[in-house]
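Asks: The following block contains a protein sequence and its predicted model.
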Amino acid sequence: MAESLETDVVVIGAGAAGENAAGRVVQAGLDAILVETALVGGECSYWACMPSKALLRPGAVLAEVKAVGGAREAVTGSLDVSAVFRRRNSFTSDWDDAGQVKWVKETGIGLVRGRARISGERAVDVSDDAGVHLSITARHAVVLATGSAPVNPPLDGLAGIDFWGTADAASSQEVPRRLLVLGGGVAGTELAQAYARLGSEVSLVARHGLLESYPRSAVDLVAKALEADGVKIHTNTSAERVFEESGAVVMELPGGQFLSGDKLLVATGRRPALQGLGLEELGLDPKGLATDDSGLVAGAGNWLYAVGDAAGKVLLTHQGKYEARAAGAAIAARAKGEIGFGAPPPWSPYAATADSCAVPQVVFTDPEIAMVGLSPEQAGERGIRVSETSLPISVAGSSLFADGYEGWAQMVVDEDRSVPVGFTFAGPGVAELLHAATIAVTGQVPLDRLWHAVPAYPTMSEVWLRLLEKYGL
Ligand SMILES: Cc1cc2nc3c(=O)[nH]c(=O)nc-3n(C[C@H](O)[C@H](O)[C@H](O)COP(=O)(O)OP(=O)(O)OC[C@H]3O[C@@H](n4cnc5c(N)ncnc54)[C@H](O)[C@@H]3O)c2cc1C
Ligand SMILES: NC(=O)c1ccc[n+]([C@@H]2O[C@H](COP(=O)([O-])OP(=O)(O)OC[C@H]3O[C@@H](n4cnc5c(N)ncnc54)[C@H](O)[C@@H]3O)[C@@H](O)[C@H]2O)c1
């Protein structure tokens, strides 16, 4: 007989998004229970962002030092691979979630281990290998924060071989001598560089271009760096089949070209993880949910929310957490009768408005690409009349940062409102320039006021001044 519980809010999935949703409702005075089937902290902490960035950072630091005369001469060795892995392991706490569990408990959130499934309106069953052991009723809301799952291509031979997903690559304790990477998105590109710098011979196969959704001038800088790291990039081509031969993985490309590796990494995208949750019984499509800006799922009544990768809007940790903060605030305000169930006002605490126009994202390769807001093409598709201003990053701050610094910056301006709607920076160290751009875009700061935001000399931020001058101010 399963135990029963009642609470205000049940959050399914204790990744970054689920933790934030639960944290917000508890902060607002409601009770919440988090249900997690694997590690509390989710993908980002253990299998994605943190371990992959920990694999990339040592290589970036070494390259940065080698780019500065005087420091360069002090570098006598190469990366210490086992020390890199040890440091990466420390970021994942050796895949132990005790630290995150402590936070959950100290925050006053209830935690239940097991696999959750929605069994009816506001009702969730939790099971383990022995079956359902707990039934929870939510007085106000159920939040889906179940993350995403990899999408593997229907590639001939793939099912029969032992390949890596991104989680395997981010958590590996070994460097394959030769690594084949399928997929030229952010995950494939970052992990290709990480392993190349750890000593693998890497070949990357991209169906279209590398980092297709980023501006070409920025991507060209990344491609040049990858090639300098020894990565062989094959763009606008697809694998036709893969097979194992004499212990190696072999990938056949069109035209009878064969690539061999000791491991194959498949990084061909992700989709919301919505299977097995009982959504069909609610009349919902587990392929994808429609949500409003508060995360409220359309077509389910006023009690089901989805946030983070599960909502499928923006598959990034920081946006998932932002969506979760909005959903948590909306759930609490609705429970107290402070707001209704209609679409929340844009830019209110209950709406993840920035999801549609001000998403910051960073490709953590060396050089980095940091981008926020709309590209000229995206603005055009929305009928916004924009201008584009771009230039190489060449200011005192960049030349001090590295000898022969190469970078690129772009500003996209809404010409009718005279406000910036998008920025991209590419180059070593540009990720830390991004938040200023996020503030300018989110705040819709008029250009004639931006002119008075004087960048300190000699910092790389002087690129802002160059962009405004080139624009015509
Ligand atoms: C290689 C890689 C690198 C990345 N790097 C970055 C980066 O640098 N920056 C960035 O912003 N984003 C990055 N991302 C994206 C980021 O990892 C995701 O956007 C983020 O982890 C999503 O968080 P989430 O809370 O929505 O889902 P998750 O972290 O996936 O959490 C979902 C949780 O739900 C649990 N769960 C699922 N179903 C059930 C169920 N039925 N019952 C109970 N529990 C369940 C899962 O076990 C999981 O713990 C990266 C992704 C990859 C693949
Ligand atoms: N730095 C970061 O913020 C970061 C890093 C890694 C991942 N992520 C997020 O995680 C998610 C997953 O990353 P991802 O790179 O796997 O997804 P993605 O959707 O960004 O890229 C997948 C790539 O695989 C290609 N592809 C698909 N099928 C293919 C096939 N059969 N053959 C060859 N190529 C094929 C696609 O064209 C695309 O370029 C993304 O949404 C991304 O935003 C973020």
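Replies: Alright, I've got the coordinates. Ligands and ions are numbered 1, 2, ... in the order given.

Asks: The longest strand seen in the chain pairs with which strands, parallel or anti?
Replies: In the chain, with assignment by DSSP state E, the single longest strand is strand 131-144. Its sheet considered, strand 131-144 pairs with strand 3-12 (parallel), strand 123-128 (antiparallel), strand 304-306 (parallel) by DSSP bridges.

Asks: ranking those by burial, who's on top?
Replies: Comparing the strands paired with strand 131-144 by mean neighbour count (mean count of other Cβ atoms under 10 Å), strand 304-306 comes out on top with a mean of 29. Any C-beta I mention is one placed from the backbone N, CA and C, and that applies to glycine too.

Asks: What lies in contact with it?
Replies: The contact list for strand 304-306 (Cβ atoms under 8 Å, 6 or more residues apart in numbering) reads 21, 118, 141-145, 272, 282, 289, 291, 294-297, 312, 327, 330-331.

Asks: How about it and ligand 1, touching?
Replies: No: applying Cβ under 6 Å from any ligand atom, one finds strand 304-306 out of contact with ligand 1, separated by at least 9.4 Å.

Asks: What average pLDDT does that strand get?
Replies: The average pLDDT for strand 304-306 rounds to 98.

Asks: Up against ligand 1, what does the stretch 151-300 of the chain have?
Replies: So far as Cβ under 6 Å from any ligand atom goes, the stretch 151-300 of the chain lies against ligand 1 at T166, A170, A187, A273, L277.

Asks: Output those of these also counted as contacts of ligand 2.
Replies: Among those, the residues that sit close to ligand 2 (Cβ under 6 Å from any ligand atom) are A187.

Asks: and the next helix or strand after the longest strand of the chain, what other elements does it pack with?
Replies: Using DSSP states H and E, the helix or strand that follows strand 131-144 towards the C-terminus is strand 148-150. Helices and strands touching strand 148-150, by 3 or more Cβ pairs under 8 Å, 6 or more residues apart in numbering; DSSP states H and E, are strand 270-272.

Asks: Can you spell out which helices and strands pack onto the strand it packs on?
Replies: Partner elements for strand 270-272 (3+ Cβ pairs under 8 Å, 6+ apart): strand 148-150.

Asks: Tell me which residues are up against the strand it packs on.
Replies: With Cβ under 8 Å, 6+ apart as the test, strand 148-150 has contacts from 43, 165-166, 266-273, 275, 309-310, 312, 315.

Asks: And for stretch 322-329?
Replies: By Cβ under 8 Å, 6+ apart, the list of residues contacting stretch 322-329 from outside reads 16-25, 27-28, 143, 145, 293-296, 305, 307-308, 311, 313-314, 344, 349-352, 354-355.

Asks: Show me which of the residues you listed are buried.
Replies: Among those, the ones that count as buried by 16 or more other Cβ atoms under 10 Å are 16-25, 28, 143, 145, 293-296, 305, 307-308, 311, 313-314, 344, 349-352, 354-355.

Asks: still on that earlier bit, so which bits of the longest strand of the chain are buried?
Replies: Buried-residue list, strand 131-144, by 16+ other Cβ under 10 Å: V132, L134, S135, I136, T137, A138, H140, A141, V142, V143, L144.

Asks: same question, stretch 283-294
Replies: L284, L289, T291, D292, D293, S294.

Asks: what about it, how long is it end to end?
Replies: 21 Å (Cα to Cα, to the nearest Å).

Asks: That one - what's its average pLDDT?
Replies: Taken as a whole, stretch 283-294 has a mean pLDDT of 98.

Asks: do the same with stretch 415-429
Replies: 98.

Asks: buried residues in that stretch?
Replies: V419, P420, V421, G422, F423, T424, F425, A426, G427, P428, G429.

Asks: Pull up the distance across that stretch, start to finish.
Replies: Distance between the two ends of stretch 415-429: 30 Å, counting by Cα to Cα.

Asks: near ligand 1 too, which of the buried residues of stretch 415-429?
Replies: The subset of these within reach of ligand 1, counting by Cβ under 6 Å from any ligand atom, is empty.

Asks: Can the helix or strand hosting L62 be said to contact ligand 2?
Replies: Here L62 sits within helix 49-66, counting by DSSP H and E. No: applying Cβ under 6 Å from any ligand atom, one finds helix 49-66 out of contact with ligand 2, separated by at least 6.6 Å.
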